[in-house]
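K.L.:
My questions concern the predicted model and sequence given below.
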Amino acid sequence: MANKTIKSAIESMMFVWGEPLAIKDIADIFNVDKKEIYEACKELQEEYEQEGRGIVIREVNKSFQFVTRKENLGYIERLCTPVRRRRLSQSALETLAIVAYKQPVTKGEIEAVRGIRCDRVLEGLMAKELVTIVGRAETVGRPNLYGTTNEFLKQFEFESLKDLPKIEDLEGVLYEAEEPPVIGGVVGQMSLEELSGSEEAREESDAYEEQEATAEQQEEE
């Protein structure tokens, strides 16, 4: 099958699929080698980038997805207003950073680093699909092991965990867009001093997290 035909079909499938489309799934459809499909996707990605299109192709763990160009975010927001944004709390950011850099990690290990309980924060991160259970530790009680998800990679615009910045360079803060979502995620800025914080700030942030969870539950009811 001609490369042009394959790329055309991949383009249509990504448009219809919406979510990241795995190389393996595409290769199975065409009954060709995964390497050939990967190269076709990268070529397509480069073509979109060279043309400066409003839609770009993002790679997430050997999967590809159409997303809006981040430079156009302001126009999209004006079209979709009102858009409510909620920033992840400091405690959520700290917990997410620990999971990202130490995964797979148990709740006990996270709490040992933060010096404070993180049950509620972990639940919130799992509800946002940024963190998930990836297995169980081979220790007494076999506690759950936590790791980040593809949604985490998408929101922070990483292709894989290899793209995680050095901890001293970490500056990203994730926003959650609501009704309607903006594909591609929105990243703000926060200093490492704010990210590490004091114990008092962490306690205040945890209290805020609990208030947010209670408010969300009341809204659902």
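P.N.:
Nice, I can see it.
K.L.:
For residue 144, give me its contacts.
P.N.:
Residues in contact with residue 144 (C-beta atoms under 8 Å, 6 or more residues apart in numbering) are 106-107, 133, 135-137. Every C-beta, even on glycine, is put in place using the N, C-alpha and C of the backbone.
K.L.:
pLDDT below threshold where in the protein?
P.N.:
1, 81-86, 167-221 (pLDDT under 70).
K.L.:
Name the residue closest to the centre of it, please.
P.N.:
Central residue of the chain (C-alpha atoms, centre = their mean): residue 152, 1.9 Å from the mean position.
K.L.:
May I ask you to confirm that that residue is in contact with residue 100?
P.N.:
Yes: taking C-beta atoms under 8 Å as the definition, residue 152 is a contact partner of residue 100 at 7.1 Å.
K.L.:
What count of nearby residues applies to the closest residue to residue 136 other than its chain neighbours?
P.N.:
Leaving out its chain neighbours, the residue that sits closest to residue 136 by C-beta to C-beta, 6 or more residues apart in numbering is residue 142, at 4.3 Å. Using other C-beta atoms under 10 Å, the number of residues around residue 142 comes to 11.
K.L.:
What is the three-state secondary structure of residue 142?
P.N.:
coil (DSSP: H, G, I helix; E, B strand; the rest coil).
K.L.:
quick one, what contacts the closest residue to residue 6 other than its chain neighbours?
P.N.:
In this structure, residue 6 finds its nearest non-sequential neighbour in residue 40, 5.1 Å apart by C-beta to C-beta, 6+ apart. When contacts are counted by C-beta under 8 Å, 6+ apart, residue 40 touches 3, 6-7, 10.
K.L.:
Now do the helix or strand hosting residue 40: distance to the chain's middle.
P.N.:
Using DSSP states H and E, residue 40 sits within helix 34-50. Mean-position distance between helix 34-50 and its chain equals 22 Å (C-alpha atoms, centre = their mean, to the nearest Å).
K.L.:
Give the buried residues for that helix.
P.N.:
Buried residues in helix 34-50, counted by 16 or more other C-beta atoms under 10 Å: 36-38, 40-41, 44, 48.
K.L.:
How many residues are close by residue 69?
P.N.:
Neighbour tally, residue 69, other C-beta under 10 Å: 16.
K.L.:
tell me the contacts of it?
P.N.:
Residue 69 neighbours (C-beta under 8 Å, 6+ apart): 53-56, 184.
K.L.:
Swap in 7 Å and give it another go.
P.N.:
Taking C-beta atoms under 7 Å, 6 or more residues apart in numbering as the criterion, residue 69 is in contact with 54-56.
K.L.:
The residues you listed in helices, which ones?
P.N.:
Nothing among these maps onto helices, per DSSP state H.
K.L.:
of these, buried ones?
P.N.:
Among these, those classed as buried by 16+ other C-beta under 10 Å are residue 56.
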